[in-house]
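Colleague: Sequence unavailable; structure follows:
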DNA sequence: TCAAAAGTGTTTGTGGTACACCCATGG
DNA sequence: CCATGGGTGTACCACAAACACTTTTGA
């Protein structure tokens, strides 16, 4: 094999999302080099020749956040020939969901990196605005019929915290009783036996059940 | 830019599906070269340096089937370093849905190409069995909540033909009255005014309405 | 007039949605 | 004892699923 034609470069870009301060936030890095120097961008980098795509994505994630064992899903591959002015670069984009409190300080290296609310984003480099919008569409869609919402929370959480997470992602208020009933019926969480104390009545803590069937069938368009 | 590290090769592979003889069928080509010489494979090829991924997929599709204007959707990108024994090859896989009667003879060039029922497949080259299974899962999933099923039928069709298409893809029988009621309520098709004559009572012909809202919201896991 | 496929309504059950009050704790 | 957030049940409505017979044509 080994085509005699020129090969494109392949990168992975990882849309890292978390919940912070009642908002869905995304981690962006400031570009220090041309092109788009000074613009904010989705973190990413070249795929090494002997590393799988997911491994490359996890490596980028680790470099930026120091967290591992997070939800990671391939989003889409962007391959427009004009998307990078330097030449042909194909980007395999991933979504990562980081539990809220683990999303501590980002950017251990020299690069400037910070969290941005998805409701208040800067101008991004390359086609990254497009990639990010696609990621948000996918997340909002997926959270409705699977249990990815849990991946935005720590191991244990209260039902109110879980409901709040769903409300932030879906950007709409949810009914407390209906929310609780459905989530209990779905049997995707179990009580830890602990309680979280604070202002007001202490709340039961729950954890996600790893053995749970976390998907629900879509309503059929046709019977 | 242009990394100084070695670059992977990038191919597109197109899972071309159609309905033939009451079965869902996929177009496969027989490999004439090593590796996997003599094995059947999903048609594909290298992405040219100045061509988008979708353009590459359409080019492959055209080379194999001589049809254009068909449904084409990016499926997933497969990038395991070991998936091709010749070296690092990343494959961006697409699904194409070809209308039943247009799916005429495939393979204009010297290569051997033929349709295979997805229920009776040969041993495939590379990780193509995996790619194909993933494509079928996606199709079956998607046909339940969107209107892609129409893309397997010609421009005009009867309700019985449409129902049969759904039954084949979903691999389960559907109730005739419920099927007709729902599809009419969804307002995704309209009568052409013509009839198809044959054995038994002539059937009304319908066409798909391009302006139709062809997606349905998934049932929420949580309210 | 028979075979073959097209076409058509109703009933019953389940699940979704809307809605308001009492409980446990800390200050 | 009061403020704060946690926790609980029911009634109504809409949609999904199950089900069998009549109609139209060609042979």
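Modeller: Now that the structure is in, tell me what you want to look at. If you're wondering where the values come from, they're calculated on a predicted model, not measured in any experiment.

Colleague: residues from chain A in reach of DNA strand D?
Modeller: Within chain A, the positions lying close to DNA strand D (CB under 7 Å from any atom of the strand) are A:158-160, A:176-178, A:180-181, A:198-204, A:219-220, A:223. Glycine gets a C-beta too; all of them are placed from N, C-alpha and C.

Colleague: Tell me where the longest strand sits in chain A.
Modeller: In chain A, with assignment by DSSP state E, the single longest strand is strand A:9-20.

Colleague: ok, which of the residues of chain A next to DNA strand D also contact DNA strand C?
Modeller: Filtering those for proximity to DNA strand C by CB under 7 Å from any atom of the strand leaves A:176-178, A:181, A:199-202.

Colleague: Could you tell me which of these belong to helices?
Modeller: With DSSP state H as the criterion, helices contain A:176-178, A:181 from among these.

Colleague: and which of these is nearest to residue A:122?
Modeller: Checking these against residue A:122 with CB to CB, the nearest one is residue A:176 at 35.5 Å.

Colleague: contacting residues for that closest one?
Modeller: Contacts for residue A:176 (CB atoms under 8 Å, 6 or more residues apart in numbering or on different chains) come out as residue A:163.

Colleague: What separation do you get for it and residue A:163?
Modeller: According to CB to CB, to the nearest Å, residue A:176 and residue A:163 sit 7 Å apart.

Colleague: Pull out the buried residues from the lengthiest helix in chain A.
Modeller: For chain A, the helix with the greatest residue count under DSSP H is helix A:128-145. Neighbour-count burial for helix A:128-145, counted by 16 or more other CB atoms under 10 Å in any protein chain shown, picks out A:128, A:131-132, A:134-136, A:138-139, A:142-145.

Colleague: Can you give the distance of it from its chain's centre?
Modeller: Between the mean C-alpha location of helix A:128-145 and the chain-wide mean there is a distance of 9 Å, by CA atoms, centre = their mean, to the nearest Å.

Colleague: ok, it near chain B or not?
Modeller: Yes - contact between helix A:128-145 and chain B is present through A:141, A:144-145 (criterion: CB under 8 Å from any CB of the partner chain).

Colleague: who touches the next helix or strand after that helix?
Modeller: Moving toward the C-terminus from helix A:128-145, the next helix or strand (DSSP states H and E) is strand A:156-157. Residues outside strand A:156-157 that contact it (CB under 8 Å, 6+ apart): A:192, A:194, A:205-207.

Colleague: can I get those in TSV with secondary structure and pLDDT?
Modeller: Output for these, formatted as TSV (DSSP: H, G, I helix; E, B strand; the rest coil; pLDDT from 0 to 100):
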residue	secondary structure	pLDDT
A:192	strand	96
A:194	strand	95
A:205	strand	97
A:206	strand	96
A:207	strand	94
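
Colleague: most neighbours, which of these?
Modeller: residue A:206 (23 neighbours; other CB atoms under 10 Å in any protein chain shown).

Colleague: list the contacts for that residue?
Modeller: Taking CB under 8 Å, 6+ apart as the test, what residue A:206 contacts is A:156-159, A:162, A:189-192.

Colleague: repeat that for 7 Å
Modeller: With contact set as CB atoms under 7 Å, 6 or more residues apart in numbering or on different chains, residue A:206 has these partners: A:156-157, A:159, A:189-192.

Colleague: Over to residue A:92?
Modeller: By CB under 7 Å, 6+ apart, the contact set of residue A:92 is A:10, A:12, A:53, A:74, A:77, B:77.

Colleague: cool, and residue A:7?
Modeller: Going by CB under 7 Å, 6+ apart, residue A:7 touches B:7, B:9-10.

Colleague: one step back: just the contacts of residue A:92 now: which is nearest DNA strand D?
Modeller: In terms of CB to the nearest atom of the strand, no member of these lies closer to DNA strand D than residue A:74, at 30.6 Å.

Colleague: Can you tell me, leaving aside adjacent residues, what's nearest to that closest one?
Modeller: residue A:94 (5.6 Å; CB to CB, 6 or more residues apart in numbering or on different chains).

Colleague: so what pLDDT did the one you found get?
Modeller: Looking at residue A:94, its pLDDT is 98.

Colleague: Would you check that it makes contact with residue A:72?
Modeller: Yes - Residue A:94 is in contact with residue A:72 according to CB atoms under 7 Å; the separation is 5.7 Å.
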